[in-house]
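> Whatever this is, show me its structure:
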Amino acid sequence: MTAKSLMNKSAQPFGKRQVFTLKKRETLSSRLEAFLSETKNTAFFIQFCVAIMVRNAFSPLDLSFVAKKQVRDLFLTGEVPASVRHLCIYFQDYFTTDKEWQTVINRLYKNQQEFNELTQQARLQIEPLRPALISGEQPVDSRQKLKAGFLDEANKMHTWSLSNVVCLRSPEEHRALLDILGNLTVFQKDGRRQFTQVVWLDFAPDERTRNFDIRNEEDTAEEAGEQLTEQQKKASAKKAVPNDGDKADADTEAQSAPPVNQSEQTPSSNDTKKKKAGKVPTDRIPSWKDLTATGKKKKKKRNLELEKALRKNTSKKKNRKRNRRK
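Below is the predicted model of the structure:
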């Protein structure tokens, strides 16, 4: 059920267009009061007031505390549906004393503990935005046009614009303010919620530069995750391959480590056998002391007389058999 279907023919229509286009606070207040009187739909009334607070944060005009009397009466003495009781935290500044605010909490929740538990996260998000939601007139030299991309309930992108706005806050604050619209179910098209998540924002005339775009932030986060994974892989691979120093340490430990089994120290019978003495290749190489300056081996001096005498004593006649011819 939409807001338009709740309006009688005699009443003036009030919906998304009026929330974001009416320029005077008095006009907005009177139209909201008429809507509540005609429809008795307090849930839509409260959501419209929250949406106007978001618009006030971007507006140079003073749109704060719209329909303040009706909001106070509704939370202090009226009936607030359970579906929108969590939105009471946006209206805390509508109540001047702590006693009044405690009365609101006691009427909507069983006790203070239930209120704290159910609204803790929302209160942390809203607290730094509270000055912007209730800010008065914000005069600036130039006014701009806001353009934003939202995902609807079917996860489809659509563009939404808001004229006559100011850009006075950080991109993080702008995103947090527009995220508030995601808590509202009053704005629907073809039975689907229009504002579920804000994706991007820019301010005309400089539409080439986005104030923020969560898609770029997600891509950056993915790239950072991939780089971290690569670094972890390289680190693990480096640990798996020991360097030369590690090998040397391992060899030293292996040499100094005592044998586990005493039998390993006992030499085998094959090892105890003596090997035959033989010449090794180095034995054939002459010593440098026996070489001449030209690198040739020195010749031994011969005693010719002694050799001649020895030949005479050992010489014998050879018996040669000659072949006889028959």
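
> Please make it C-alpha for all contacts and neighbour counts, starting now.
Will do.

> Lowest-scoring secondary structure element of this structure by mean pLDDT?
Across the helices and strands of the chain, mean pLDDT, DSSP states H and E gives its lowest value to helix 269-272, namely a mean of 49.

> Now the element after that one, going C-ward?
helix 304-314 (DSSP states H and E).

> Can you give me the buried ones in stretch 130-137?
The neighbour-count check on stretch 130-137 (16 or more other Cα atoms under 10 Å) flags 130, 132-136 as buried.

> Serialize the residues you listed to TSV and add fields for pLDDT.
Putting these into TSV (pLDDT from 0 to 100) gives the following:
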residue	pLDDT
R130	95
A132	96
L133	96
I134	95
S135	92
G136	88
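
> So T185 is in contact with R193, correct?
Yes. Counting by Cα atoms under 8 Å, R193 is a contact partner of T185 at 6.0 Å.

> picking that back up, adding distance to A154 and secondary structure as columns, could you present the buried residues of stretch 130-137 in CSV?
What follows is those, written out as CSV (distance: Cα to Cα, whole Å; DSSP: H, G, I helix; E, B strand; the rest coil):
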residue, distance to A154, secondary structure
R130, 31, helix
A132, 30, helix
L133, 29, helix
I134, 32, coil
S135, 34, coil
G136, 36, coil
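
> Show the backbone phi and psi for R107.
Phi and psi for R107, reported as degrees, to the nearest 10, are phi -80, psi -30.

> what sits against it?
L76 (Cα atoms under 8 Å, 6 or more residues apart in numbering).

> just L146 next, same as before
161-165, 201-204.

> quick one on the thing from earlier: mind putting the buried residues of stretch 130-137 in JSON lines, distance to N216 included?
Shown next, in JSON lines, are those (distance: Cα to Cα, whole Å):
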{"residue": "R130", "distance to N216": "28"}
{"residue": "A132", "distance to N216": "26"}
{"residue": "L133", "distance to N216": "28"}
{"residue": "I134", "distance to N216": "31"}
{"residue": "S135", "distance to N216": "31"}
{"residue": "G136", "distance to N216": "33"}
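
> Name the SS class of A176, please.
helix (DSSP: H, G, I helix; E, B strand; the rest coil).

> what's around it, how many residues?
Using other Cα atoms under 10 Å, A176 has 16 other residues around it.
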